[in-house]
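In: kindly generate the corresponding structure for this input.
(one chain, ligands or ions: 1)
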Amino acid sequence: MDTNGQQHNFDFLVIGSGIAGLTFALKAARVGSVAVITKKHRAESNTNYAQGGIAAVMAADDSLELHVRDTLECGAGLCKEDVVRTIVSEGPALVRELVERGVKFSERENNSRDKPPARRAASAKAALAAAAGSLGGGANVGPTTEFDLGREGGHSRRRVLHAGDITGREIERALLAAVAAEKNIAVFEEMLAIDLITTQKAGQSGANRCLGCYALNEKTNAVEVFAAKITLIATGGSGKVYLYTSNPDIASGDGLAMAYRADAGIANMEFIQFHPTCLYHPKAKSFLISEAVRGEGAILRGKDGEPFMKRYHPMADLAPRDVVGRAIDAEMKKTGAEYALLDITHKDADFIRKRFPNIYAKCLELGYDMTREPLPVVPAAHYQCGGVVTNADGETEIEGLFAAGEVACTGLHGANRLASNSLLEALVVAHRAAHVAVKQHSTLSAPASAKATAGKPRSTLPPWESGNAADPDELVVVTHNWDEIRRLMWDYVGIVRTDKRLLRARARIQNLQREINQFYWDYKVTPDLIELRNLALVAELIIESALQRRESRGLHYTLDYPSLQPDARDTVLRKA
Ligand SMILES: Cc1cc2nc3c(=O)[nH]c(=O)nc-3n(C[C@H](O)[C@H](O)[C@H](O)COP(=O)(O)OP(=O)(O)OC[C@H]3O[C@@H](n4cnc5c(N)ncnc54)[C@H](O)[C@@H]3O)c2cc1C
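Out: Here you go, the predicted model:
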């Protein structure tokens with residue numbers, strides 16, 4: 001029998017401690033108690049690994065209208081324009097709030113880093129005020145020399161705020177420091193959410209409402225109950241469903257799977273963004289080689305040393321990210337090579353070391369001197385554009401349940417994500433979700449309200465039942481199934497798809513799911529088993545979504561339907 005643990009009661013439950021979860025928690029804590037549960041150390045998140053930066057309109061030659069246009073173009077007809085406008089226009093003020101919380105974005109070299117705070121505030125404020133006026137009216141934003149703005153693929157202007165090439169780590173650091181200073185927030189590390197608790201699952205009538213979740217305390221192996229009036233899923237993406245990914249191990253799609261099992265709609269899971277160049281090395285399973293390396297002249301070569309990008313696109317190595325990813329994939333499939341080579345050795349060694357200090361150091365640590373030899377690279381699953389269906393306030397179809405960040409599908413990204421729009425979306429939607437959740441909380445807490453009792457979590461929620469589950473004695477099955485899913489998703493549901501490969505993947509996943517479910521109900525839950533079950537479900541949702549989309553649009557590319565259908569529509573899946 002599992003040792004079932006205690007019930008924790010909070011006003012707000014936040015599952016996940018990346019940018020979305022922490023932003024929401026800090027705002028909700030103004031009116032109530034907040035539990036942040038997170039399955040590893042509190043900093044371990046996709047957020048912590050973000051390199052490039054966060055997109056927001058800050059420059060004098062930029063405008064919100066241009067950022068909206070770039071986002072819509074990248075989204076290939078599937079973005080929700082009202083959501084794009086909301087997120088883009090609220091971004092600059094919230095980025096400013098990050099700065100006030102202590103995030104140190106890189107400044108332009110001719111800016112003094114020691115500028116007094118008043119001056120920093122004034123210039124940022126001026127830029128924001130001007131930026132706010134530029135949506136619709138088309139006026140340019142005011143001048144700012146404040147931040148060193150990067151330019152990335154698909155952006156028509158420089159608008160990516162960054163902290164060197166460790167932007168995510170800096171944002172995570174500042175948000176965690178703010179959380180530590182907030183007495184209304186309790187952070188539970190190594191607390192792995194297993195499933196949501198809903199009125200529907202608890203057999204209550206009326207609209208389906210979220211009451212909290214079950215979570216495995218990885219220190220005690222007890223399954224504990226978290227009861228809350230409002231729950232936010234902020235569990236990030238699902239890159240681990242693929243053999244090669246830039247994502248850290250936490251990205252196993254848990255929140256998405258939990259939401260689906262609770263009957264929430266899941267949209268557009270076929271749109272997985274692959275980063276073209278991840279270092280191919282057994283010890284560097286998720287290390288990205290930034291696109292900026294190609295931007296500075298690096299050339300992709302096959303295993304015979306021949307450059308190949310000219311055969312795929314007139315822009316050769318500077319072709320768009322998805323074209324480069326497909327080209328590497330095609331070369332690898334054609335020649336049987338396990339990787340392509342990224343060669344920048346023709347550039348001056350000092351320049352390489354100065355321009356890419358982190359990449360150079362990391363590669364050297366792993367035995368590659370990029371100034372002298374080409375780097376082995378593979379495309380890798382990078383970002384999940386689809387997710388739990390929400391509006392721009394993060395509200396899901398289930399009462400009392402919000403979702404924000406990479407786990408959610410608001411309609412910002414459409415069929416393809418514009419670089420650095422994901423941190424922006426997580427920040428803005430978490431902020432808006434907190435605003436709505438705080439209002440709902442006050443309604444639920446008002447004694448005179450008719451909803452006061454209806455929305456409150458039951459004083460005691462049903463405890464976790466694990467029956468007579470024995471200890472798993474065949475953990476090798478879990479490892480084997482985990483590897484099989486990731487390999488088959490890579491081979492059959494990767495960058496270039498066909499119906500035949502997708503159907504083959506579907507048949508394999510259905511078999512694996514039967515086995516995994518059997519295992520899940522027969523044995524005591526472990527972190528690996530919980531993640532495996534979620535991974536298998538996410539794989540199924542990606543395959544089903546891909547089969548439903550009979551066209552090539554944005555990130556979904558299939559040889560069977562190479563052109564666009566005239567009517568752009570979302571793929572929405574719900575539990576039958
Ligand atoms: C290498 C890399 C570089 C990137 N670069 C950029 C960039 O430059 N710009 C940009 O905009 N985006 C970038 N991205 C994407 C961006 O980092 C993510 O989309 C964003 O950080 C997601 O934030 P989040 O808060 O939604 O989730 P995350 O930051 O991933 O946080 C998820 C949290 O949920 C927790 N969690 C998950 N499952 C459970 C569970 N079952 N129980 C409890 N806790 C759970 C995790 O432990 C983690 O704390 C990059 C991503 C990667 C991997």
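In: so, low pLDDT: which residues of this structure?
Out: Applying pLDDT under 70 to the chain flags the ranges 1-4, 110-145, 447-459, 467-473.
In: middle-most residue in it, spatially?
Out: Among the residues of the chain, Glu406 comes closest to the average C-alpha position under Cα atoms, centre = their mean, at 3.1 Å.
In: nearest residue to that residue in space, please, no chain neighbours.
Out: The shortest distance from Glu406 to any non-neighbouring residue, by Cβ to Cβ, 6 or more residues apart in numbering, is to Gly237 (4.1 Å). Where you see a C-beta, it was placed from the backbone N, CA and C, and this is true even at glycine.
In: dump the residue contacts of the nearest residue to Gln548 once chain neighbours are set aside.
Out: Of all residues not flanking Gln548 in the chain, Thr571 sits nearest, at 4.9 Å (Cβ to Cβ, 6+ apart). Counting by Cβ atoms under 8 Å, 6 or more residues apart in numbering, Thr571 makes contact with 267-270, 386, 545, 548-549.
In: how does it look with 10 Å?
Out: Applying Cβ atoms under 10 Å, 6 or more residues apart in numbering to Thr571 gives the contacts 78, 266-271, 386, 541, 544-549, 556.
In: quick check, nearest of the residues you listed to His413?
Out: Phe271 (7.3 Å; Cβ to Cβ).
In: that closest one contacts Ile542, correct?
Out: Yes - under the criterion of Cβ atoms under 10 Å, Phe271 makes contact with Ile542 at 9.3 Å.
In: tell me which of those two has more neighbours.
Out: Neighbour count, other Cβ atoms under 10 Å: between Phe271 and Ile542, Phe271 has more, with 29 against 26.
In: return the residues in contact with the more buried one.
Out: Neighbour list for Phe271: 75-76, 78, 383-387, 409, 413-417, 542, 545-546, 549, 553-556, 571 [criterion: Cβ under 10 Å, 6+ apart].
In: among the residues you listed, which ones lie close to the ligand?
Out: By Cβ under 6 Å from any ligand atom, the members of the contacts of Phe271 lying near the ligand are Tyr383.
In: inside helices: which ones of the contacts of Phe271?
Out: If you go by DSSP state H, those have 542, 545-546 in helices.
In: out of those, which is nearest to the ligand?
Out: Ile542 (16.7 Å; Cβ to the nearest ligand atom).
In: ok, Asp522 - how many residues close by?
Out: When neighbours are defined as other Cβ under 10 Å, Asp522 has 12 of them.
In: quick one: the residue nearest to Glu406 and Ala381 touch, right?
Out: Yes - if you go by Cβ under 10 Å, Gly237 and Ala381 touch, sitting 8.7 Å apart.
In: now for these two: what residues contact both?
Out: Here Gly237 and Ala381 have 245, 247, 251, 272-273 as joint contacts, going by Cβ under 10 Å, 6+ apart.
In: show me what contacts the residue in the stretch 251-400 of the chain that the ligand sits nearest to?
Out: Across the stretch 251-400 of the chain, no residue is closer to the ligand than Asp254, which sits at 3.3 Å (Cβ to the nearest ligand atom). Asp254 sits next to 15-16, 39, 192-195, 233, 235-236, 238, 407, 530-531, 533-535, 537-538 when contact means Cβ under 10 Å, 6+ apart.
In: looking at the residues you listed, which are in strands?
Out: 15, 192-195, 233 (DSSP state E).
In: most neighbours among those, which one is it?
Out: Ile233 (34 neighbours).
In: identify the residues contacting that residue.
Out: Per Cβ under 10 Å, 6+ apart, neighbours of Ile233: 13-16, 20-21, 193, 196, 210, 213, 254-256, 258-259, 262, 264, 387-388, 390, 394, 396, 401-405, 407-408.
In: in the stretch 201-350 of the chain, which residue sits closest to the ligand?
Out: Residue nearest to the ligand within the stretch 201-350 of the chain: Gly236 (2.4 Å; Cβ to the nearest ligand atom).
In: wait, doesn't that residue sit right on Ala251?
Out: Yes - applying Cβ under 10 Å, one finds Gly236 in contact with Ala251, separated by 5.6 Å.
In: just want to know which of the two has more residues nearby.
Out: More crowded of Gly236 and Ala251, by other Cβ under 10 Å: Gly236, with 31 against 27.
In: OK, contacts around that one?
Out: Applying Cβ under 10 Å, 6+ apart, we find Gly236 in contact with 16-21, 45-47, 247-248, 250-256, 384, 387, 405-407, 422, 426.
In: in strands, which of the residues you listed appear?
Out: Under the assignment DSSP E, these contribute 384, 387 to strands.
In: how about the helices of the stretch 201-350 of the chain, start to end?
Out: 254-261, 292-295, 321-335, 349-355 (DSSP state H, counting those that start in this stretch).
In: send me the first one as PDB with only the CA atoms.
Out: Meaning helix 254-261. These are the backbone C-alpha positions of helix 254-261, laid out as PDB (Å, rounded to 0.1, in the frame of the first residue of the first chain):
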ATOM      1  CA  ASP A 254       2.600  16.200 -17.400                       C
ATOM      2  CA  GLY A 255       0.300  19.200 -17.200                       C
ATOM      3  CA  LEU A 256      -1.000  18.700 -20.700                       C
ATOM      4  CA  ALA A 257      -1.800  15.000 -20.000                       C
ATOM      5  CA  MET A 258      -3.400  15.900 -16.600                       C
ATOM      6  CA  ALA A 259      -5.600  18.500 -18.300                       C
ATOM      7  CA  TYR A 260      -6.700  16.100 -21.000                       C
ATOM      8  CA  ARG A 261      -7.500  13.400 -18.500                       C
END
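In: how about stretch 229-246: buried residues?
Out: Residues 229-246 are the ones in stretch 229-246 that count as buried (16 or more other Cβ atoms under 10 Å).
In: sorry, wrong one. I was asking about stretch 289-306.
Out: Buried-residue list, stretch 289-306, by 16+ other Cβ under 10 Å: 289-294, 298-302.
In: is stretch 56-72 anywhere near the ligand?
Out: No - figure legend: stretch 56-72 not in contact with the ligand (Cβ under 6 Å from any ligand atom); closest approach 10.5 Å.
In: state the pair within the buried residues of stretch 289-306 that is farthest apart.
Out: Longest distance between any two of the buried residues of stretch 289-306 is 22.5 Å, between Ala292 and Gly302; criterion Cβ to Cβ.
In: ok, how many other residues are close to Thr479?
Out: Counted with other Cβ under 10 Å, Thr479 comes out at 12.
In: so how far is Ile542 from it?
Out: Look at Thr479 and Ile542: by Cβ to Cβ, to the nearest Å, they are 21 Å apart.
In: tabulate the buried residues of stretch 289-306 (TSV), appending distance to Gly325.
Out: Formatted as TSV, these follow (distance: Cβ to Cβ, whole Å):
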residue	distance to Gly325
Ile289	13
Ser290	14
Glu291	11
Ala292	16
Val293	15
Arg294	12
Ala298	15
Ile299	16
Leu300	11
Arg301	16
Gly302	15
